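A.B. asks: Quick one, fold the following:
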Amino acid sequence: MSKTRPAFKVVSLTDAAADKIKAIMANADRPFEGVRVGVKNGGCAGMSYTMEYAETVNAHDEVVEDKGVKVLIDPKAVLFLLGTQMDYKTDKLAAQFVFNNPNQTSACGCGESVAITPAAADALPA
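C.D. replies: Have a look, this model is predicted:
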């Protein structure tokens, strides 16, 4: 008899992030499956976070549903994002999504790029 374990969420959302994504999706010019979150090489610290509309779920995407929002993560980004919490912050001069990532080791001064050490493969729950 196999045991079913609760699904592990690679990424979680704060209420503020979920509310902002829902508002953005509601105002999109066409329906989307969710938002795609990932990382790419670039910037002075080595990597930057990516976020875009996702029209479809790709075969190997990690699908996270949190607070009524579907987040799709490319399998190549999973170990970089493991344990990350997405937030949405507003201050006097800016409003932006913020990634609170335990795998992030440093960030550049401008805040546009980060250094991320991938989580060990055995960090994923069994």
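A.B. asks: make it CA atoms for all contacts and neighbour counts henceforth
C.D. replies: Noted.
A.B. asks: In a helix, Asp19, correct?
C.D. replies: Yes - when classified by DSSP: H, G, I helix; E, B strand; the rest coil, Asp19 is found to be part of a helix.
A.B. asks: what's the neighbour count on it?
C.D. replies: Counted with other C-alpha atoms under 10 Å, residues neighbouring Asp19 total 16.
A.B. asks: ok now do it, which residues does it touch?
C.D. replies: Asp19 sits next to no residue when contact means C-alpha atoms under 8 Å, 6 or more residues apart in numbering.
A.B. asks: if we go to 10 Å?
C.D. replies: Leu13, Met25, Lys67, Gly68, Val69, Tyr88 (C-alpha atoms under 10 Å, 6 or more residues apart in numbering).
A.B. asks: To which secondary structure element type does the second one belong?
C.D. replies: By that I understand Met25. Going by three-state DSSP: Met25 is helix.
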